[in-house]
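In: Have a look at this fold, sequence not included:
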């Protein structure tokens, strides 16, 4: 029986798996987004989120703990200077996994994992959606100004439609004249 054995070994021995996760975490911190398979991304999320939480407290002890997991001075510096500043007010959930389909060679499910606060496109979309979610009756007073602009736009196409209809009426008259 395999009760309480939730850990995904990813087909590797412990030392290989630890080195791989350390390298992937370093790449994620340095590049803010990496492409990988879904199982590796899920394990990386479990590995890197506690590291980012430790980086919120900039002390010698926390730097040493993070360095023991990452083994890269440049990644530790980037984490404590840039990443920790952006995620300071976030209580968790620092990463996002987005599936990208299946790999051509072996049909493995692929995805990219990214740091949430560093994707400017997603941040802009989220802010725009929040502004439009709540509707209020107070906006009805602002509506006449908008309606006047839309009414002008609507009047112009209406003026064009009768001009298009007049030649059709003339064609009907000429057909009637031809018949009589």
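Out: Great, that's in hand. Treat the numbers as computed from the prediction; the structure is a model and nothing was measured.

In: And residue 9, how close does it get to residue 121?
Out: Distance, residue 9 to residue 121, by CB to CB, to the nearest Å: 35 Å. Where C-beta positions appear, they are placed from N, C-alpha and C, glycine not excepted.

In: which one of the two has more residues nearby?
Out: More crowded of residue 9 and residue 121, by other CB atoms under 10 Å: residue 9, with 11 against 7.

In: List the contacts of the more buried one.
Out: By CB atoms under 8 Å, 6 or more residues apart in numbering, the contact set of residue 9 is residue 17.

In: Quick check: it vs residue 2, distance?
Out: Distance from residue 9 to residue 2, by CB to CB: 12 Å.

In: Other residues contacting stretch 18-27?
Out: For stretch 18-27, the external contacting residues (CB under 8 Å, 6+ apart) are 10, 12, 34, 36, 40, 43-44, 47-48, 51, 69-72, 75.

In: ok, 7 Å please
Out: Here stretch 18-27 makes contact (CB atoms under 7 Å, 6 or more residues apart in numbering) with 12, 34, 36, 40, 43-44, 47-48, 51, 69-72, 75.

In: are any of the residues you listed buried, and which?
Out: Among the contacts of stretch 18-27, the ones that count as buried by 16 or more other CB atoms under 10 Å are 34, 36, 40, 43-44, 47-48, 51, 69-70, 72, 75.
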